[in-house]
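**Student:** Can you look at this prediction? I've put the sequence above it.
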Amino acid sequence: MKRTGNRPLVNGSVSKQAAIGLGCLTGSTGGILLGLGTDPITTMLGLGNIGLYAGLYTYLKPRSEINTWVGAVVGAIPPVMGWTAAGGSILDPEAVLLGSTLFLWQFPHFFALNWMYRTDYKRGRFAMVAVNDPNGDRTASLIKRYG
């Protein structure tokens, strides 16, 4: 993809093994720091989000359009983590509002980007809505639904 072609892993300046090692190191360190500096709920949200992104979301990207909805969950978790780290409950209306707002906002934002870069996503063999939507009707409908 043109948009990501200069990233270190893509251009070969970092090996896959080094990228995995760095990801594991920073993910583990982040989990430890969350555990030491926050509470168990925030820590579990953070570690779960790393797993969701690196596992399910990354796995689905070339396989299913559902990756967009999984990615929206990944994007919605950090503000909820902020709320719980500040002492709130995951069930507080504020946490639900923060998470829901970020979750829903991502759809019109990403579907618009996805349409703009649909050729790149197709070249990269990613399963995205716009890649499977030649005239843009489905993409536009989803933007309207969530926008």
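**Tutor:** Okay, I see it.
**Student:** Break down this structure into its helices, ranges please.
**Tutor:** With helices called from DSSP state H, the chain shows them at 8-11, 16-37, 40-51, 58-60, 67-85, 93-116, 118-123, 137-146.
**Student:** Now render these as TSV, adding distance to Lys2, mean pLDDT and mean neighbour count.
**Tutor:** Quick note: C-beta positions are derived from backbone N, CA and C, even for glycine. Putting the helices of the chain into TSV (distance: least, Cβ to Cβ, whole Å; pLDDT from 0 to 100; neighbours: other Cβ atoms under 10 Å) gives the following:
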stretch	distance to Lys2	mean pLDDT	mean neighbour count
helix 8-11	11	91	12
helix 16-37	20	96	12
helix 40-51	28	98	17
helix 58-60	20	96	14
helix 67-85	20	97	19
helix 93-116	12	96	16
helix 118-123	5	94	16
helix 137-146	20	95	15
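**Student:** Out of those helices, the one nearest Val131 is which?
**Tutor:** Among the helices of the chain, helix 118-123 comes nearest to Val131, with 4.8 Å by Cβ to Cβ.
**Student:** Phi, psi for Arg7 please.
**Tutor:** Arg7 has phi and psi values of phi -70, psi 150 when expressed as degrees, to the nearest 10.
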